[in-house]
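# here is my input, please return the structure:
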Amino acid sequence: MKNPITAPASTLLFAIILTLGFSARADSTSPTNTLPDLNLEQLIRVDIITSVSKRPESLFGAPAAIHLLTDEDIKRSGFRNIADALRYVPGMDVAQINSHSWAVSARGFNGEYATKLLVLMDGRSVYTPLSAGVYWDTVDLMLEDLDRVEVIRGPGGTLWGANAVNGVINIISKPSSETQGWLMTGGGGSLEHGFTGVRYGDKLGDQTYFRVYGKYDDHDDFPYLDGKDSHDAWTMGRTGFRLDSGNTNSDLLTVQADYYYGRENWQFTQPIATAPFLETVTDGEQASGANLLGRWTHQFEDESQFIAQTYYDHTYRESNLPEERRDTFDIDLQQHFAPAHRHNIVAGLGYRLTTDRIVNNFASSFVPNERTLNLFSAFLQDEITLYQDRLRLTLGSKLEHNDFTGFEVQPGVRLAWTPTDTQTIWGGISRAVRTPSRAEEDIRINRPIVPGSTVSIWGNGSGNSEELVTYEIGYRVIPAKTLSFDATAFYNVYDDLRDLEPGPTAPVTPAPLASYYVANKLTGRAWGFELSSDWEIATNWWHLRGSYTFYHLDLNFGDGGTDAATINLLEGSAPRHQFSLRSEMNLLENLTFDVGLRYVDPLNDPSIPAYTALDMRIAWKPTAHVELSLVGLNLLDPVHPEFASTQVATPQREVPRSVYGQVTIRF
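Predicted structure coming up:
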């Protein structure tokens, strides 16, 4: 690990920041404009989200467990990527595995490739059908161009389709009309060795705007448990553009594209077919990709709306899984209309084509190594107003046909009751499925036990979709103008979850010590609740946010030979208790000070102790166009583990304390 930050240094930094924060005048008469002048009641009522119903609606009245992360929230958190920025969202479980890998999930089942979370970037799915997970190292953009992140905890299959089982994350960038002029940013520190970004936006006509950007990040290694470097440093560069033409009252055309290229270092041990049968690999591997998206929105005079969107995505990865090349084409049509006074309908059709080519090795291989997959979908949802401005019933269903399990139906019903202007009570029952991944059907994995002996895991071409039926109830209340509470409770019933069943030893060389195949004989029950509060203690200068999450899972292992450790290898694990508290202070007109505290319960398999982390950010704007910031992350410990890789044989890494500085210039 290069450039370590010692405990005395972090303690000194902590003291300096606290001194700056609490010696400033708390009664400043010139508050900064980073927090709006609206009170909290007004803020909640005007927060507009689109992910719950695929149309704009108030977050306060939405019949789902949804949390909104704004661009300001992410900036003031101090995190430099979207995965880490989700740590303070109630109900989310975020853990970093190594320098370039994260485990991110909602409501349990977390893992390196968590399989039950759908992630979208401006309507483009980044969920990979190879492993049924998300490559979080490539989920990136210029954070300054981010508009918001809408996080749904709970199933979204009724609208978003298969794999939106435990949650949906919708990452939405700003229109180019809001990113005009120059922006330049850069900095570096102990873990973030160096980063820079440049964006330029301009106007091509009366109603046509564009922006272009480029960014680069250089990340240091994480340490192993023994303190040695784990050789997982990485770099990533990204560039792209966005063009918006027209207006939201008639026709709006959006075209955007991105390209990224990175090199990621790995060190792991894998089996080989010849003596000495094991090799330790230390290598730099490529992760690259490109995408092009187009979207046309037509607004009718009767307030109905039609949206047509299509995109192409190319992905190339060398990693601890086999080398993957993937091309995806997607088209989606959506119509929103209100045929009667009490009905608000959203309907849509979609088609997705994805092709891949895999370069196999002895440790993991796919048969066939090339495959084309088709996904056809249709959905219909009707929001029925039972009592004006007070009671709404939402009915809907998604119908899909995939190449793994055929037709899947995902219905849902939700009810929202707003007894007063400051209260919303909602409930829902939904069915969601996760279709098998390419790996679950076609893979063979060899795991080393001792030199010369392996355990083989085989895919299963007759697998089923994992099923979830969930029951949710939620309550939002604004007891005072500066205070709000949000509570959600859920009960999840899972069927046909993945497990491993013993199988016959296949005639391969070297012969495996034992063989297993992927099956769907596991069932489970999960329940829990998520609490959050938002308190503007002092108008315009001190904002406090807190959250607490409880989660419990019971699995029924049936008659198979699968044990708890293997299930956690497949389905992941999650902490029972999580707690977070964030404080945002506008100390002076040009000085902000933000602190975040979070606690995460221990994990059993893999064994991870509980930890508490402290994050801080102080920012100063000497002029209206320049901002200087200093950020410290994970300040309480020099290092701590958060998760362990389940994909390859490798020692466990630890997340180090880090400090970095940043300069941002706008003109």
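
# low-confidence ranges in the stretch 51-200 of the chain?
Of all residues in the stretch 51-200 of the chain, none has pLDDT under 70.

# ditto for the stretch 551-667 of the chain
Along the stretch 551-667 of the chain, segments meeting pLDDT under 70 span 558-572, 605, 646-650.

# quick one: the strands in it?
For the stretch 551-667 of the chain, the strands defined by DSSP state E, counting those that start in this stretch cover 577-588, 591-600, 611-623, 626-633, 639-640, 655-656, 658-666.

# adding distance to Asn360 and mean neighbour count, write those strands out as JSON lines.
No exception for glycine: its C-beta is placed from N, CA and C like everyone else's. As requested, those are arranged in JSON lines below (distance: least, C-beta to C-beta, whole Å; neighbours: other C-beta atoms under 10 Å):
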{"stretch": "strand 577-588", "distance to Asn360": "39", "mean neighbour count": "20"}
{"stretch": "strand 591-600", "distance to Asn360": "37", "mean neighbour count": "21"}
{"stretch": "strand 611-623", "distance to Asn360": "38", "mean neighbour count": "18"}
{"stretch": "strand 626-633", "distance to Asn360": "39", "mean neighbour count": "20"}
{"stretch": "strand 639-640", "distance to Asn360": "36", "mean neighbour count": "18"}
{"stretch": "strand 655-656", "distance to Asn360": "33", "mean neighbour count": "22"}
{"stretch": "strand 658-666", "distance to Asn360": "37", "mean neighbour count": "18"}
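
# quick one, which of those strands gets closest to Arg124.
Taking C-beta to C-beta, strand 658-666 is the member of the strands of the stretch 551-667 of the chain nearest to Arg124, at 26.9 Å.

# quick one: strands adjacent to the closest one?
Sheet neighbours of strand 658-666, with direction, are listed as strand 181-189 (antiparallel), strand 626-633 (antiparallel) (DSSP bridges).

# need the ones you listed in CSV (columns: distance to Leu69).
Formatted as CSV, the entries for those read as follows, by distance: least, C-beta to C-beta, whole Å:
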stretch, distance to Leu69
strand 181-189, 19
strand 626-633, 17
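
# quick one: closest of these to Leu588.
The closest of these to Leu588 is strand 626-633. By C-beta to C-beta, the value is 13.6 Å.

# tilt between whichever strand in the chain runs longest and strand 577-588?
In the chain, taking DSSP state E as the definition, the longest strand is strand 514-538. Relative orientation of strand 514-538 versus strand 577-588 (axes from the mean of the first three to the mean of the last three C-alpha atoms, to 10 degrees): 40 degrees.

# could you name the helices and strands sitting against strand 514-538?
Judged by 3 or more C-beta pairs under 8 Å, 6 or more residues apart in numbering; DSSP states H and E, the packing partners of strand 514-538 are helix 40-46, strand 453-458, strand 483-503, strand 542-556.

# need the nearest residue in space to Thr470, chain neighbours excluded.
Sequence neighbours aside, Asn492 is the residue nearest to Thr470 in space, at 4.8 Å (criterion: C-beta to C-beta, 6 or more residues apart in numbering).

# the one you found contacts Tyr551, correct?
No - here Asn492 does not reach Tyr551: they are 10.0 Å apart, not a contact under C-beta atoms under 8 Å.

# what about the strands in the stretch 151-300 of the chain?
Going by DSSP E, counting those that start in this stretch, the stretch 151-300 of the chain shows strands at 167-173, 181-189, 192-205, 208-219, 234-246, 251-271, 278-299.

# show me what the shortest one is packed against.
Based on contacts counted as 3+ C-beta pairs under 8 Å, 6+ apart, the elements that strand 167-173 packs against are strand 117-121, strand 146-153.

# report the distance from that strand to the chain centre.
7 Å (C-alpha atoms, centre = their mean, to the nearest Å).

# show the contacting residues for Arg666.
Neighbouring residues of Arg666 by C-beta atoms under 8 Å, 6 or more residues apart in numbering: Gly181, Trp182, Leu183, His625, Val626.

# ugh, wrong one, Ala162
Contact partners of Ala162, counting by C-beta under 8 Å, 6+ apart, are Leu375, Glu400, Asn402, Glu408, Gln410, Ala432, Val433, Arg434, Thr435, Ser465.

# likewise for Ser173?
When contacts are taken as C-beta under 8 Å, 6+ apart, Ser173 is in contact with Met121, Asp122, Leu141, Asp145, Leu146, Asp147, Arg242, Gln256.

# then stretch 609-624 to CSV, C-alphas only?
As requested, the backbone C-alpha atoms of stretch 609-624 are provided in CSV (Å, rounded to 0.1, in the frame of the first residue of the first chain):
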residue,chain,number,x,y,z
PRO,A,609,-16.2,-8.2,11.8
ALA,A,610,-18.5,-5.2,12.5
TYR,A,611,-17.0,-1.8,11.7
THR,A,612,-17.8,1.9,12.2
ALA,A,613,-16.6,4.4,9.7
LEU,A,614,-16.4,8.2,9.8
ASP,A,615,-16.3,10.4,6.7
MET,A,616,-15.7,14.1,6.5
ARG,A,617,-15.6,16.8,3.9
ILE,A,618,-14.8,20.5,4.2
ALA,A,619,-15.2,22.8,1.2
TRP,A,620,-14.4,26.5,0.7
LYS,A,621,-15.4,28.7,-2.2
PRO,A,622,-12.9,31.7,-2.4
THR,A,623,-14.8,32.9,-5.5
ALA,A,624,-18.1,32.1,-7.1
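
# which residues sit against it?
When contacts are taken as C-beta under 8 Å, 6+ apart, the neighbours of stretch 609-624 outside the stretch itself are 14, 17, 20-21, 32, 76-79, 575, 590-602, 627-637, 640-642.

# now do 7 Å
Taking contacts as C-beta atoms under 7 Å, 6 or more residues apart in numbering, the residues outside stretch 609-624 that touch it are 17, 20, 76-78, 590-602, 627-636, 640.

# sorry, back to before: reformat the strands of the stretch 551-667 of the chain as CSV; add distance to His100.
Converted to CSV, those look like this (distance: least, C-beta to C-beta, whole Å):
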stretch, distance to His100
strand 577-588, 24
strand 591-600, 21
strand 611-623, 19
strand 626-633, 16
strand 639-640, 17
strand 655-656, 12
strand 658-666, 15
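
# out of the ones you listed, which gets nearest to Gly428?
Among these, strand 577-588 sits nearest to Gly428 (C-beta to C-beta), with 22.9 Å.

# I'd like to know which elements that closest one is packed against.
strand 542-556, strand 591-600 (3 or more C-beta pairs under 7 Å, 6 or more residues apart in numbering; DSSP states H and E).
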